[in-house]
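>>> What shape does this take:
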Amino acid sequence: DARDGFRRDLLGRTTVSPSFADESFTTAYTSFLEALVLRTTPTYFAPVIGLDRYVTANSEQLEAAQGWFIDSQRVIKRARAVLYFPIWNYWAVTGAVAEQNTAILGLLNNLDQVQDFFAISLYPAVEGARLSDLSVESFAPLDASDREATNPVTTRPLAIVNASFPAEGFTLGGVTYPSSENSQFNFLALLFQVADEREVELVGWRMPVDPDAWLADPCGVDVGCDEEGLAARYVRFRSNGLLNELLQPRAALDLWDQYHQRDRL
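A predicted model of the protein is given here:
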């Protein structure tokens, strides 16, 4: 859940411990990605999420993970001309800048030339962060449009993907995260302001429709499904849709439509 490791083997094999240090694993994973990109026609292709958090938890694999991304990028680009990049966690990256974490900053620097965009995942509620913790200025370390003034961690245009914010409050692990449709609207408005003022390629919302109805019965007829685990993993995404579970639009959807209907170069 914290993007710091791989899921356990789905076939129940306890001897399998995938890691970037395992050549047989990285070869197989790259082959899978190549097959996937050849079967589809993606414009954007993100093979890994949270590489920053993975190497923080597995520091001995930093060089191996870095080498795998560079090698896999070469293979995938040869198979199809896609825009290829990892997805970084906004809080991990900005935290590394604030703390001057040399390992993470070194990884960001070494991969900068082989990622087409600097893509970030941004969901404040997972981190317990509030909307007031964000501003246009807080994106300065990620902004390649003003390199001399901000000394950003990247030279690539920014892509904001997996953006999400709840339209209603929720409680997880005994901690309540208060929110409202107005907060969701203001969060999306901030992202569009960042996109207008900085060098941003795209803004993507994580889920258009609330998962609330699905959470009532996440396993369905799937015998052996870990219903408790699924519920715990996805309860944080309750009320995150621009449409609620009844497909009724929220205020943020109007803002989304207005932004994308504008004439832009």
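>>> if you go through the stretch 1-150 of the chain in chain order, where are the strands?
Assigned by DSSP state E, counting those that start in this stretch, the stretch 1-150 of the chain shows strands spanning 44-45, 83-84, 87-89, 118-121.
>>> Kindly reformat those strands as JSON lines containing mean neighbour count.
Any C-beta I mention is one placed from the backbone N, CA and C, and that applies to glycine too. Rendered in JSON lines, the data for the strands of the stretch 1-150 of the chain read as follows (neighbours: other C-beta atoms under 10 Å):
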{"stretch": "strand 44-45", "mean neighbour count": "17"}
{"stretch": "strand 83-84", "mean neighbour count": "20"}
{"stretch": "strand 87-89", "mean neighbour count": "25"}
{"stretch": "strand 118-121", "mean neighbour count": "24"}
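>>> residue boundaries of the helices in the protein?
23-39, 51-57, 62-79, 90-99, 102-111, 124-127, 147-150, 181-197, 212-215, 227-234, 251-260 (DSSP state H).
>>> what's the most buried one of those helices?
Most buried of those by mean neighbour count (mean count of other C-beta atoms under 10 Å) is helix 51-57; its value is a mean of 21.
>>> and the closest residue to L255 other than its chain neighbours, what does it touch?
Spatial nearest neighbour of L255, chain neighbours left out: L188 (5.6 Å); criterion: C-beta to C-beta, 6 or more residues apart in numbering. By C-beta atoms under 8 Å, 6 or more residues apart in numbering, L188 lies in contact with 163, 165, 205, 252, 255-256.
>>> who wins for proximity to F170 among the helices of the chain?
F170 lies closest, by C-beta to C-beta, to one member of the helices of the chain: helix 124-127, at 7.7 Å.
>>> Let me know how buried the nearest residue to S239 once chain neighbours are set aside is, in neighbour terms.
Once flanking residues are discounted, S239 sits nearest to E168: 3.9 Å by C-beta to C-beta, 6+ apart. Neighbours of E168 under the rule other C-beta atoms under 10 Å: 18.
>>> How about D226?
Here the number of neighbours of D226 (other C-beta under 10 Å) works out to 12.
>>> For Y234, see how far away it is.
Going from D226 to Y234 by C-beta to C-beta, to the nearest Å gives 12 Å.
>>> how far away is the closest residue to T176 other than its chain neighbours from A125?
Leaving aside its chain neighbours, T176 sits nearest to G169 (6.2 Å; criterion: C-beta to C-beta, 6+ apart). Relative to A125, G169 is positioned 9 Å away (C-beta to C-beta).
>>> That'll do, ta.
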